[in-house]
Each structure stands twice: as structure tokens, then as C-alpha cells.
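Undergrad: Here you go, sequence then predicted model.
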Amino acid sequence: MKKLLTILCVALLCVTTGYAQKAKFGHVDYAAVMKEMPGIDTAQQALMTYQQELEAVGKQMADEFKTKQAEYANLTSTTTSSAILKVKEDELMKIYQRLQDFVASSEQDLQAKQLELLKPFQEKLLAAIKTVAERDKYTYVFDITMCAFHNDADDLTAAVRTELGIK
């Protein structure tokens, strides 16, 4: 809400001062250009491989938990002593906690890996957008997915592709 109010105030200020008439607006299809960047497919494949490795370990841990859970269920249906049940229950809880900890840390690890692999591409794309905007004297350049309406804005996607050397 605060962001929307700020944007409205800036827009109103631009219109009332006549600044909007001098401003040049453009937009870029950020996601489309990102997909076309050389090397991005290799980075995404490496990220997917890393994710699959984490999922395999998580599945292995989940299978271990299910096996121990089934063993515990079998013990509770028989006349097993409460001391043995308590030990098995504690073991089951430890496995469950390890599984939960792994899920949380693997999500963080995956995000860190994604940042590590994709950040250079994002920086290169943003630098190309800035170069095109400064060269052609654009005041604002928006990502097309963030624009609800863009009647008087120029599409700079082709210029950014050219700047990056993408055909």
C-alpha cells in the first residue's frame, strides 16, 4: 500500500511539473531475454541436477522414516513393552527431525545455488538494459511482466538482445 501511494505521488508530481512530457518510457521482456542468453541453459541444467540430488537424498530419508514408522506400527499392535516402544518412538522422532532439518537446509542451499549460478546472467542483463536506456535516453525501463499498461512505452527487448549479442 505504501509502495502504491509512493508511485502515485511520483506520477502525480511528474504530471503536474510537466516532467512526464520529457520522460521516455520503455519496457523489456526480462524473462524472454534471460532464457535466450548464452550459457543460461547450462546454468539451469546444473541447478536442476543439484535439485535432483537433494531430492534423491530427501526421498531416501523419507523412505527410512516410512520404514521405521511401519516397524513402530507393527510393534504397537503386538504386546511389546512400553520401554521398547518409547525407544522406538524416540528413534522415529529423531529421524523425523533430521528429515525436517534436511528439507529446510536443502531449500536454503538450493536458493543459494540458484543465486550463485544465475546472478552473473542477471547482472549482465541489467547492465545491457542500463546501457540501452542511457544510450537512447530513457527515463524509465520496466519489466513487461510488471506493467499493467504500456501504451506509450517503447519495447526495448530487441535492443537489449542486440546489446547482449543475441540474435
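TA: That came through fine. Because the structure is a prediction, the values reported are computed rather than measured.

Undergrad: Where in this structure is the helix or strand with the lowest mean pLDDT?
TA: Lowest mean confidence among the helices and strands of the chain (mean pLDDT, DSSP states H and E): helix 2-17, at a mean of 50.

Undergrad: Work out the gap between stretch 89-96 and the centre of the chain.
TA: How far stretch 89-96 lies from its chain's middle: 33 Å, per C-alpha atoms, centre = their mean, to the nearest Å.

Undergrad: Give me the mean pLDDT for it.
TA: Across stretch 89-96, pLDDT averages out at 92.

Undergrad: mind exporting it as CSV, just the C-alpha atoms?
TA: The C-alpha trace of stretch 89-96 is given here as CSV (Å, rounded to 0.1, in the frame of the first residue of the first chain):
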residue,chain,number,x,y,z
GLU,A,89,9.3,-43.7,19.3
ASP,A,90,12.3,-41.6,20.2
GLU,A,91,14.2,-43.0,17.3
LEU,A,92,11.3,-42.2,15.0
MET,A,93,11.1,-38.7,16.2
LYS,A,94,14.9,-38.2,15.7
ILE,A,95,14.6,-39.4,12.1
TYR,A,96,11.6,-37.1,11.5
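
Undergrad: number of nearby residues for M61?
TA: 18 (other C-beta atoms under 10 Å). In this view, the C-beta of every residue, glycine as well, is placed from N, C-alpha and C.

Undergrad: how far away is it from I144?
TA: 42 Å (C-beta to C-beta, to the nearest Å).

Undergrad: go on, R161?
TA: Per C-beta to C-beta, R161 is found 14 Å from I144.

Undergrad: who has more neighbours, these two?
TA: For R161 versus I144, the count of surrounding residues by other C-beta under 10 Å is larger for R161: 19 against 16.

Undergrad: Read off the pLDDT value for that one.
TA: pLDDT, read off for R161, is 92.

Undergrad: N74 too?
TA: We note a pLDDT of 84 for N74 in this prediction.

Undergrad: Count the residues that sit near it.
TA: For N74, using other C-beta under 10 Å, the count is 11.

Undergrad: T49 now?
TA: Using other C-beta under 10 Å, T49 is surrounded by 10 other residues.

Undergrad: tell me the SS of it?
TA: helix (DSSP: H, G, I helix; E, B strand; the rest coil).

Undergrad: Pull the distance from stretch 67-81 to the chain's centre.
TA: Relative to its parent chain, stretch 67-81 has a centroid offset of 42 Å by C-alpha atoms, centre = their mean.

Undergrad: Next: stretch 37-46.
TA: 15 Å.

Undergrad: Rounded mean pLDDT for it, please.
TA: Computed over stretch 37-46, the mean pLDDT rounds to 94.
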